[in-house]
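Engineer: sequence and predicted structure below; questions after.
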Amino acid sequence: MNNAILPQKFSVAPMLDWTDRHCRYFHRLMSKHAVLYTEMVTTGAIIHGKGDYLGFNPQEQPVVLQLGGSEPAELAHCAKLAEQRGYAAINLNVGCPSDRVQNGMFGACLMARPQLVADSVKAMQDAVSIPVSVKTRIGIDDSDEYQFLQDFVATVAAAGCRQFVIHARKAWLKGLSPKENREVPPLNYPRVYQLKQDFPTLDISINGGIKTLAEAEQQLQYLDGVMIGREAYTNPYLLSQVDAVLYQDVWAVPDQHQLVRLMVPYIEQQMQQGARFWHIARHMLGLFQGQPGARQWRRLLSEQGHLVDAKPELLLQALALVPESPDAKAN
């Protein structure tokens, strides 16, 4: 049986429209160890879509493909394709609450179908040798008592799944937008800690509301891993401290100005292959958060970056608006 896991003390959450391959390339320049996730990709897109939904740059590794789907045979097929392309692991989305996802019978609504999730995980594990994990919520709608979560995890674990990422909020499938579902339902960290106590042999990571590495260290006293979402996107330079703080790996992480210069050749190369400047630069808007010049940096990129004729030089023009201070690395 394939019950491998991918150790992920720290990971960046899969975020739709955000964690694409350009974002992941940028993030990897700041941390060698953080586990990076793709946006959720549906089995339908992979099997029937016109584009290549599995493309990534080898320098992004370790990268986990997050799949959305509920048909075990299709999930197994897509997992196999992902393994062939070189992904480090597969993650099944059982947490996304959007209507579009529910209509396709995947995402958080699958919490109500634990046996189907178990069958899906087993089908994928039988098809590949890379690790398969599940990302889920602590509950859905009125099914938010601990017993519901415990039963769900027990059923899926019995099929061979050893790794879970738990978003410590429940999902309201009706009445809340996906954005509201990330903010309105209250966080319940103790429930995830309880899960780890009840399933000590499972690898359990926590997601939801974690904004600093100090908070991450606190969570790691109880759990195997921490997944940070929006904060890693809106304040990406947070990632520059991950290796030193969480992995005790101190190396010469580029400062913000060096990062921008490192991204210029990547953008040039990607634009030669058809990418637009804004598709890449948009992921860098928060790089100087809280620093002098940050607003000017964001404004220039936001106003001109989306124009059709925007070029990599615009990045350097915006960079010139941010003072380069000797203590830039300390921020």
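Structural biologist: Received the coordinates, thanks. These numbers come from a predicted model, not from an experiment.
Engineer: flag every buried residue along the lengthiest strand in the chain.
Structural biologist: If you go by DSSP state E, the chain has its longest strand at strand 35-42. The neighbour-count check on strand 35-42 (16 or more other C-beta atoms under 10 Å) flags 35-42 as buried. All C-beta atoms are positioned from the backbone trio N, CA, C, and that covers glycine.
Engineer: could I get the residues you listed as JSON lines with pLDDT?
Structural biologist: Conversion of the buried residues of strand 35-42 to JSON lines gives the following (pLDDT from 0 to 100):
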{"residue": "V35", "pLDDT": "98"}
{"residue": "L36", "pLDDT": "98"}
{"residue": "Y37", "pLDDT": "98"}
{"residue": "T38", "pLDDT": "98"}
{"residue": "E39", "pLDDT": "97"}
{"residue": "M40", "pLDDT": "96"}
{"residue": "V41", "pLDDT": "96"}
{"residue": "T42", "pLDDT": "94"}
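Engineer: nearest to E215 among those residues?
Structural biologist: Distance to E215 across the buried residues of strand 35-42 (C-beta to C-beta) is lowest for V35, with 17.9 Å.
Engineer: what's across from the closest one in the sheet?
Structural biologist: Each beta-bridge partner of V35 is listed here: S11, as defined by DSSP bridges.
Engineer: can you give me the strands in the chain?
Structural biologist: Ranges of strands within the chain are 10-12, 35-42, 63-68, 89-94, 132-137, 163-167, 203-207, 225-228, based on DSSP E.
Engineer: reformat these as CSV; add distance to H48.
Structural biologist: Putting those into CSV (distance: least, C-beta to C-beta, whole Å) gives the following:
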stretch, distance to H48
strand 10-12, 28
strand 35-42, 9
strand 63-68, 14
strand 89-94, 18
strand 132-137, 22
strand 163-167, 27
strand 203-207, 30
strand 225-228, 30
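Engineer: between these, which one is closest to D119.
Structural biologist: Go through these one by one with C-beta to C-beta and the one that ends up closest to D119 is strand 89-94, at 11.2 Å.
Engineer: just checking, which helix or strand of the protein averages the lowest pLDDT?
Structural biologist: Among the secondary structure pieces of the chain, namely its helices and strands, helix 99-103 has the lowest mean (mean pLDDT, DSSP states H and E), a mean of 58.
Engineer: burial measure for P254, as a count.
Structural biologist: Counted by other C-beta atoms under 10 Å, the residues lying close to P254 total 16.
Engineer: A154 versus that one, what's the distance?
Structural biologist: According to C-beta to C-beta, to the nearest Å, P254 and A154 sit 45 Å apart.
Engineer: same deal with P58?
Structural biologist: Per C-beta to C-beta, P58 is found 37 Å from A154.
Engineer: more neighbours: the two, which one.
Structural biologist: When P58 is set against A154 and neighbours are counted by other C-beta under 10 Å, the residue ahead is A154, at 14 against 7.
Engineer: who touches that one in this structure?
Structural biologist: Contacts were defined as C-beta atoms under 8 Å, 6 or more residues apart in numbering; by that measure A154 touches F199.
Engineer: let's go with 10 Å and repeat that
Structural biologist: The neighbours of A154, taking C-beta atoms under 10 Å, 6 or more residues apart in numbering as the test, are 114, 118, 198-199, 202.
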